[in-house]
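# Next come a sequence and a model predicted from it.
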Amino acid sequence: MSSETPFDTRYFSVTYKDGNVVSVNVGHIAAIDETAAVKLADAAVSEGKQRGYEGIYRYLIVNQGDIKLAIFVDFSRQLTPAANFLSISLIVAAAGIVVVFLFVLAVSGRLVKPIAESYARQKRFVTDAGHELKTPLTVISANNDLTEMETGPTESTEAIRKQVARLTAMVNNLTLLAKMDENEIYNNEKFDLSETVLDALESFIGIYDRDKKKLVLNVENGITFSGDSVMITKLVTILMENACKYSLTFTEFGLVKSGKNIQIRVKNDARGVDKGDQSKCFERFYRSDEARAGGIEGSGIGLSVAKEIVSRHKGKISAVGTDDGCFEVKVVF
């Protein structure tokens, strides 16, 4: 403030008494007439605040008994530099983002290229190795069958048969994973999910009867689904094979529709199941210590394939250890 401040400042005021305008002072401002001054003052008073802004004008309301004075000061000189600074800052920030984006775009190709090539080589290796392994496995299996025909089944030929079947399943799963990574497999068609699931479950009923384990099926009829029926059959087979392999006494399989969601739930008792989240079981080649120590055959690929199938169909899959020591896998589409 100085002696020149009143002459350098553009301001106006409106005086009220008992809620009515009694005087308007616009002698120190050229941009506002009495009508505009009263309109701005009425707006400020109606807000019920003591101070604030109306456009470029900062106001102060002073109450003295039944007199109310609304004083407005032109703040354009203070607001304009701030607005200009904000505009310049936004322009500079936007320009900086564009420059950084262009730089990253130019450099990222070179940085990501080795990783992309390595990933492509890895997928190609898995696919090629899978095709190359199928031939010797077929020859081994054929020779083993020939040996059994000549000399009869033995403990050695039975062991060879089991290991060939295990390797064949692992090779098929690896090849399937590689193809899904390359988006080579996926058909989208509407089909009867309930019927498809029941067909996939049929082969497991005899296995559970043979092993004297309880199998509880709760499959809701008439559920339709859009996707790849072959992949869904593979999904159900993987989940049931996993449950059948690790279950001690029982397995429960459920297929229900709740609102817009379709849910598949597989639960079985197992040895050494930790309570809580078990998402690590979907990692490729993961096998628990209990499975390895118990001599249960497996490659740790099956549930990885299941996860990829569910992801392809835009679903979610999860696994948990329950309070009663069971392992439960849930799929939601």
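Nice, thanks for sending it over. Numbering: from 1, shown residues only.
# For Gly325, give its distance to Cys244.
With the distance defined as C-beta to C-beta, to the nearest Å, Gly325 ends up 18 Å from Cys244. Placement of C-beta: from N, CA and C, glycine included.
# for Ile264, that is, sorry about that
In this structure, Ile264 and Cys244 are separated by 16 Å, where distance is defined by C-beta to C-beta.
# quick one: the helices in the protein?
Per DSSP state H, the chain has helices spanning 5-8, 34-47, 76-151, 155-181, 193-210, 229-246, 289-293, 302-312. These are given in chain order.
# Only the buried residues of the last one, if you could.
The reference is to helix 302-312. Neighbour counts over helix 302-312 (16 or more other C-beta atoms under 10 Å) mark 302-310, 312 as buried.
# Give the closest residue to Val331 in space, chain neighbours not counted.
Using C-beta to C-beta, 6 or more residues apart in numbering and skipping residues adjacent in sequence, the residue nearest Val331 is Ile264, 4.1 Å away.
# Was I right to think that neighbour contacts Leu239?
Yes. Taking C-beta atoms under 8 Å as the definition, Ile264 is a contact partner of Leu239 at 7.3 Å.
# on that earlier part again, which of the buried residues of helix 302-312 has the weakest pLDDT?
pLDDT across the buried residues of helix 302-312 is lowest for Gly302, at 75.
# how about low-confidence regions in the stretch 51-200 of the chain?
By pLDDT under 70, the weakly predicted segments of the stretch 51-200 of the chain are 116, 119-134, 174-186.
# per-domain residue ranges of the chain.
Here the domain assignment for the chain is 5-74, 189-332, based on automatic domain parsing.
# what's the span of the longest one from first residue to last?
Just to be clear, that refers to domain 189-332. End-to-end distance for domain 189-332, by C-alpha to C-alpha, to the nearest Å: 18 Å.
# where's that domain relative to the chain centroid, distance-wise?
The offset between the C-alpha centroid of domain 189-332 and the centroid of the whole chain comes to 21 Å, using C-alpha atoms, centre = their mean, to the nearest Å.
# just to revisit the earlier point, for the buried residues of helix 302-312, which one is nearest Asp269?
Closest approach between the buried residues of helix 302-312 and Asp269, by C-beta to C-beta: Leu303, at 17.7 Å.
# Fine by me, thanks again.
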